[in-house]
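Novice: no sequence for this one, just the structure:
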């Protein structure tokens with residue numbers, strides 16, 4: 001991972017985007033990684049059969065929190081529908097985040113947020 005991606009990852013860890021509880025969420029899911037103690041909760045407000053707003057909160061390592069922040073920011077920027085998010089490929093997302101060379105253990109941390117987002121969006125469809 002080069003310095004630019006490390007800086008971006010660190011910024012998303014220290015200042016996560018879309019972070020916080022959503023009181024009026026239509027869907028709330030929780031995913032955890034028992035091997036390291038990471039915990040991510042995702043809140044979704046729906047609009048029809050897709051999402052209108054997504055937020056998260058969590059505790060864990062820099063990779064799990066930062067990747068979830070980066071993921072949700074990416075989904076919002078692209079305006080992806082629930083079906084498109086559910087079809088997303090892990091490898092593509094890791095490449096976008098600059099984490100394609102991440103270790104298998106850290107990969108589980110990164111994918112925790114994706115698992116939570118997908119689980120929440122499945123409940124909408």
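Specialist: Sure, I can see it. Because the structure is a prediction, the values reported are computed rather than measured. Numbers count the residues shown, from 1 in each chain.
Novice: quick check: longest helix of this protein.
Specialist: Secondary structure of the chain per DSSP state H: the longest helix is helix 104-124.
Novice: how far out from the middle of the chain is that one?
Specialist: Centre-to-centre, helix 104-124 and its host chain are 6 Å apart (C-alpha atoms, centre = their mean, to the nearest Å).
Novice: for it, packing partners?
Specialist: Applying 3 or more C-beta pairs under 8 Å, 6 or more residues apart in numbering; DSSP states H and E, one finds that helix 104-124 contacts strand 27-33, strand 38-47, strand 50-59, helix 62-78, helix 82-86, helix 90-96. (Glycine included, C-beta is placed from N, CA and C.)
Novice: Could you dump these into JSON lines with distance to residue 12 added?
Specialist: Shown next, in JSON lines, are the helices and strands packed on helix 104-124 (distance: least, C-beta to C-beta, whole Å):
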{"stretch": "strand 27-33", "distance to residue 12": "18"}
{"stretch": "strand 38-47", "distance to residue 12": "13"}
{"stretch": "strand 50-59", "distance to residue 12": "12"}
{"stretch": "helix 62-78", "distance to residue 12": "4"}
{"stretch": "helix 82-86", "distance to residue 12": "18"}
{"stretch": "helix 90-96", "distance to residue 12": "13"}
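Novice: a markdown table please, covering these and showing mean pLDDT.
Specialist: Formatted as a markdown table, the helices and strands packed on helix 104-124 follow (pLDDT from 0 to 100):
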| stretch | mean pLDDT |
| --- | --- |
| strand 27-33 | 94 |
| strand 38-47 | 94 |
| strand 50-59 | 93 |
| helix 62-78 | 92 |
| helix 82-86 | 89 |
| helix 90-96 | 82 |
